[in-house]
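Student: would you be able to build a 3D model of this:
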Amino acid sequence: MLDSAMSALASLTDPGLLLMLLVGVVAGLVMGLIPGLGGTAAVAILLPITFGMEPAPALAMLIGALAVVHTSDTVSAVLLGAPGSASASVTMLDGYSMAKKGQAKRALSLAFLSSMAGGVIGAIGLTLAIPLARPLVLSFASPELFMLTVLGVALAAVLSRGNVIKGLTAGVLGLMVGMIGTSPTTAEERFTFGSLFLGDGLSLVAVALGVFGLAEIASRASQRRGDKQQVKVDGGWGSGIREWLTHWSQVLRGGIIGIWAGILPGVGATAGTWLAYGQAVATAKDKTKFGKGDPRGIVGPESANNSVEAGDLIPTFLFGIPGGVPSAMLLGMLLTYGIQPGPSIINEHLDLMYLIIWSFAIASVLGALFCFLTVRPLSSLTKVPFAVLAAGLVVVMLLGSFQDGGQIGDLWIMVLLGVAGWLLKSTGFPRAPFLIGFVLAIPLERYYFLTDSLYEGFEWMLRPGTLVFIAILVLPILWNAFKWFRARRKLNSDDDPKSESAPDDEAPLKNSIWSLVTSAALLVIFASSLVLSAEYSPDARLVPQLVGWIGVIMTVVLLLQELHSRRLALASMRRISVHATVYATAPSPALALATGASGSGSAKHAAVGETATPDAAGNGGSAAGGHRAPGRIGRFGWGAGWTQDASFAFRTFGWMAGFLVLTGLVGYLAAISIFIPAFLLLVARAKIKTTIIYTIVFFILMLALPSLLPIDLPQGILTSWI
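Tutor: Okay, here's the model as predicted:
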């Protein structure tokens, strides 16, 4: 092992390998600043560049980006009070308070150094995991490997925040989508509808960038204004560095908590940082300063959110269970190189494992150093409205998807998946289990086929390792079922539907007509897959039928949940109507004086069952512009209808479709010169000067890119004729 570790370190002296690591670090820092993107977009955008590379430089670049995303997302959290990612919201509590007191450099130095230390601690944890897990991994046969793939999807869904049934449904949907194409066991084409384009399956890059990248752009493209009230970068770096040294125990504890949160699939950086913050508060003697600029509220969470990514790599590479979206894409990349996780990567590619470890540690140090040197220009980027950034992001993401298969069809699939991703996000379906299911679909089917071929019946389930994995799978499900029944009993005793229909900033259309229709559409998809797969050979239809039936059961349960939430909502409306009628008719002078004519009018409307229920912010009245607020119950308990956000999202997808039509006609460069200025002027409402400069810079960049990197630009029909 020592020889492999030293060999990997020596390989990083290669200028080409080191350059790829630096490219990844810079890309990760920039992506970390943009809200909603983070490690997912960084890895997905860089992934197409790795096509044609050797595994070592490709991994160095992707690990470099992944290691520093949570280093730069602190900048906007501290200076603007607007975190670049959900995990950075923990740092915002004390970091932004400290910055408003004129101590921005102190807060940033604490955050940057803690992020660096967290990355190094995570790399050490990954190093120690190899010798500890190696005997276990080498003892695995096909039954254990099959159960590990099942665990990867199930745990990511069960441990996800929110509705467990929705998480499991999303994971099963990912498995179903991953089975589109050629069967790994019989070479039959499945779910292709006779299309040669779908014969090779869907592109991992198109799926990841569509479900996460384009969906996020559609959700945020309405943000046309940046934050102009930026805190100045002042204070002293030295005071923060000296103070950081006095809190080394918090840094160490945060790093260890982050590793543990990364190992558990589906927990992720957000939960890890909150756990680190919670332990910092719990172990502090003086708790009054937390949330008001306490350095302990920065160092622990910042150490945790970087070590999470390293901890996530432990189950990904050693067991084939990706705990998050970026690690799922890394696993997909390894599979395209023919590198299998588990025994194969330890026996045959141990040098790559140590290259990953060294790259993670070095990138963490470089990321903190770059942030110290470039914090002022980085902070100015956070002031750019997201709608302005969206134009360039669409161009870059679509170009990245094209590099995988070289077909315009991949881009159309990506936009369609973007619509699906927006629906999943807006209606409360976690998207991470979907992508993990997509990546693990083929390995799961391959391992199950081997297991079914080598063992009679279900005797493989009696193997000790398989029994352990079944227990690991069942215990979280039982725990979640226990919590659900306990919450249900409390809900029934109070008869209060708030916990069922409470508005969610990340899922504004949850418990609405949108979520009901989405659940029904998923039921149709799974039922259709059962009908289509019935025509395949027994080996080819075995797993699709199993997945289809599980999907049908899950969506039926979802529909029952949706209808039950409507019943509770309507019951609440009746109570509100009764109370409003009582108040409206009560001869109370105080009430009449307090409410006046408008109050009586509101009560009358409520009495006849109209939408006088509180909105998402807890206020009464109708939403601005005549649109019903997402948090409303609605006249018939259906929740939000066609909202302004939904309208803007679908218009944004329309712009993306128009860009693809232009690309198919006149080629990518010409389409850019039309799409970017039109989007900036009509959607982002940018200034003419900004639009001209933006368009020229992107045109020149795309013109030069094919000569700098192995990238092809889509050609249009008209350009091919010319």
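Student: ok, residue 200 - how many residues close by?
Tutor: Residues within reach of residue 200, counting by other CB atoms under 10 Å, total 15. Bear in mind the C-beta positions are built from the backbone N, C-alpha and C, glycine included.
Student: can you pull the contacts of the closest residue to it other than its chain neighbours?
Tutor: Closest residue to residue 200 apart from its sequence neighbours, by CB to CB, 6 or more residues apart in numbering: residue 181 at 5.7 Å. With contact set as CB atoms under 8 Å, 6 or more residues apart in numbering, residue 181 has these partners: 189-192, 198-202.
Student: ok, residue 181 to residue 531 distance?
Tutor: 19 Å (CB to CB, to the nearest Å).
Student: same question, residue 289
Tutor: Note on residue 289: its distance to residue 531, by CB to CB, is 62 Å.
Student: settle it for me: which of these two has more neighbours?
Tutor: Regarding residue 289 and residue 531, a neighbour count based on other CB under 10 Å identifies residue 289 as having more, with 14 against 9.
Student: how about the more buried one, secondary structure?
Tutor: Using DSSP: H, G, I helix; E, B strand; the rest coil, the structure places residue 289 in coil.
Student: need the pLDDT of it.
Tutor: Looking at residue 289, its pLDDT is 76.
Student: against residue 103, how distant is it?
Tutor: Distance of residue 289 to residue 103, given as CB to CB: 13 Å.
Student: same thing with residue 277?
Tutor: 19 Å.
Student: which helix or strand in this structure has the lowest average pLDDT?
Tutor: Least confident helix or strand, the chain: helix 589-607 with a mean of 41, by mean pLDDT, DSSP states H and E.
Student: what's downstream of that helix, the next helix or strand?
Tutor: Counting by DSSP states H and E, the next helix or strand C-terminal to helix 589-607 is helix 644-666.
Student: how distant is that following helix from the center of its chain?
Tutor: Here helix 644-666 is found 22 Å from its chain centre; the criterion is CA atoms, centre = their mean, to the nearest Å.
Student: using CSV, write down the CA coordinates of that helix.
Tutor: Extracted C-alpha coordinates of helix 644-666, given in CSV (Å, rounded to 0.1, in the frame of the first residue of the first chain):
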residue,chain,number,x,y,z
GLN,A,644,-46.0,32.7,-11.4
ASP,A,645,-43.0,30.5,-10.7
ALA,A,646,-44.3,27.7,-12.8
SER,A,647,-45.1,30.0,-15.6
PHE,A,648,-41.6,31.5,-15.6
ALA,A,649,-40.0,28.0,-15.4
PHE,A,650,-41.9,26.7,-18.4
ARG,A,651,-41.0,29.9,-20.4
THR,A,652,-37.4,29.3,-19.5
PHE,A,653,-37.6,25.7,-20.8
GLY,A,654,-39.2,27.2,-24.0
TRP,A,655,-36.2,29.4,-24.4
MET,A,656,-34.0,26.3,-24.1
ALA,A,657,-36.0,24.5,-26.7
GLY,A,658,-35.8,27.5,-29.0
PHE,A,659,-32.0,27.5,-28.6
LEU,A,660,-31.9,23.8,-29.7
VAL,A,661,-34.0,24.6,-32.7
LEU,A,662,-31.6,27.4,-33.7
THR,A,663,-28.7,25.0,-33.1
GLY,A,664,-30.2,22.4,-35.3
LEU,A,665,-30.7,24.9,-38.1
VAL,A,666,-27.7,27.2,-38.0
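Student: how far off centre is the helix or strand just after that helix?
Tutor: Counting by DSSP H and E, the element after helix 644-666 in chain order, helix or strand, is helix 668-682. Using CA atoms, centre = their mean, the mean C-alpha position of helix 668-682 is found 28 Å from that of the whole chain.
Student: for the record, mean pLDDT for helix 668-682?
Tutor: The average pLDDT for helix 668-682 rounds to 92.
Student: and stretch 153-170, by the same measure?
Tutor: Averaged over stretch 153-170, pLDDT sits at 77.
Student: what's the span of it from first residue to last?
Tutor: Length of stretch 153-170, first residue to last, CA to CA, to the nearest Å: 9 Å.
Student: just the element for residue 243, please.
Tutor: Using DSSP H and E, residue 243 maps to helix 237-246.
Student: identify the residues contacting that helix?
Tutor: 103, 105-110, 113-114, 251, 295, 299, 372.
Student: that helix: which residues count as buried?
Tutor: Under the neighbour-count criterion of 16 or more other CB atoms under 10 Å, helix 237-246 has 240-241, 243-244 buried.
Student: starting at the chain centroid, how far to it?
Tutor: Centre-to-centre, helix 237-246 and its host chain are 33 Å apart (CA atoms, centre = their mean).
Student: helix or strand next in line after it, which one?
Tutor: On the C-terminal side of helix 237-246, the nearest following helix or strand under DSSP H and E is helix 248-263.
Student: and the residue lying closest to residue 222 once chain neighbours are set aside, what's its pLDDT?
Tutor: Using CB to CB, 6+ apart and skipping residues adjacent in sequence, the residue nearest residue 222 is residue 648, 4.5 Å away. Predicted confidence (pLDDT) for residue 648: 89.
Student: hang on, residue 648 packs against residue 221?
Tutor: Yes - if you go by CB atoms under 8 Å, residue 648 and residue 221 touch, sitting 6.7 Å apart.
Student: of these two, give the one with the bigger neighbour count.
Tutor: residue 221 (26 against 16).
Student: quick one: contacts for the more buried one?
Tutor: Residue 221 makes contact with 386-387, 390, 648-649, 652, 683-684, according to CB under 8 Å, 6+ apart.
Student: what about residue 61, distance to residue 45?
Tutor: Residue 61 sits 11 Å away from residue 45, taking CB to CB as the criterion.
Student: make that residue 259, sorry
Tutor: For residue 259, the distance to residue 45 equals 27 Å [CB to CB].
Student: okay, those two: which has more neighbours?
Tutor: Taking other CB under 10 Å, residue 259 and residue 45 do not tie; residue 259 has more neighbours (26 against 23).
Student: how close does the more buried one get to residue 276?
Tutor: Taking CB to CB, one finds residue 259 at 11 Å from residue 276.
Student: now the helices for the stretch 301-450 of the chain?
Tutor: Along the stretch 301-450 of the chain, the stretches classed as helices by DSSP state H, counting those that start in this stretch are 325-336, 343-348, 350-381, 386-405, 408-426, 432-454.
Student: residue 75 is nearest to which of the ones you listed?
Tutor: Residue 75 lies closest to helix 350-381 among the helices of the stretch 301-450 of the chain, at 5.3 Å (CB to CB).
Student: and the angle for the closest one with helix 386-405?
Tutor: Relative orientation of helix 350-381 versus helix 386-405 (axes from the mean of the first three to the mean of the last three CA atoms, to 10 degrees): 150 degrees.
Student: helix 350-381: which residues count as buried?
Tutor: Applying 16+ other CB under 10 Å to helix 350-381 flags 350-368, 370-372, 375, 378-379 as buried.
Student: show me what that helix is packed up against.
Tutor: Applying 3 or more CB pairs under 8 Å, 6 or more residues apart in numbering; DSSP states H and E, one finds that helix 350-381 makes contact with helix 2-11, helix 15-33, helix 55-79, helix 104-138, helix 296-319, helix 343-348.
Student: show me what the third one is packed against.
Tutor: Packing partners of helix 55-79 (3+ CB pairs under 8 Å, 6+ apart): helix 15-33, helix 38-46, helix 88-100, helix 104-138, helix 296-319, helix 325-336, helix 350-381.
Student: most packed of those helices?
Tutor: Of the helices and strands packed on helix 55-79, the one with the most neighbours on average (mean count of other CB atoms under 10 Å) is helix 296-319, at a mean of 31.
Student: pull the CA atoms of that one into PDB?
Tutor: The C-alpha trace of helix 296-319 is given here as PDB (Å, rounded to 0.1, in the frame of the first residue of the first chain):
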ATOM      1  CA  ARG A 296     -17.200  28.200  17.000                       C
ATOM      2  CA  GLY A 297     -20.300  28.400  14.800                       C
ATOM      3  CA  ILE A 298     -18.000  28.800  11.700                       C
ATOM      4  CA  VAL A 299     -15.100  26.400  12.200                       C
ATOM      5  CA  GLY A 300     -17.000  23.200  13.000                       C
ATOM      6  CA  PRO A 301     -19.500  23.400  10.200                       C
ATOM      7  CA  GLU A 302     -16.900  24.500   7.600                       C
ATOM      8  CA  SER A 303     -14.700  21.600   8.600                       C
ATOM      9  CA  ALA A 304     -17.600  19.200   8.300                       C
ATOM     10  CA  ASN A 305     -18.900  20.300   4.900                       C
ATOM     11  CA  ASN A 306     -15.500  19.600   3.200                       C
ATOM     12  CA  SER A 307     -14.800  16.300   4.900                       C
ATOM     13  CA  VAL A 308     -18.300  15.100   3.900                       C
ATOM     14  CA  GLU A 309     -17.200  14.900   0.300                       C
ATOM     15  CA  ALA A 310     -14.200  12.700   1.200                       C
ATOM     16  CA  GLY A 311     -16.400  10.600   3.500                       C
ATOM     17  CA  ASP A 312     -18.800  10.100   0.600                       C
ATOM     18  CA  LEU A 313     -16.100   8.600  -1.500                       C
ATOM     19  CA  ILE A 314     -15.500   5.800   1.000                       C
ATOM     20  CA  PRO A 315     -18.800   3.900   0.200                       C
ATOM     21  CA  THR A 316     -18.700   5.000  -3.400                       C
ATOM     22  CA  PHE A 317     -15.400   3.500  -4.300                       C
ATOM     23  CA  LEU A 318     -15.100   0.700  -1.800                       C
ATOM     24  CA  PHE A 319     -18.700  -0.600  -1.900                       C
END
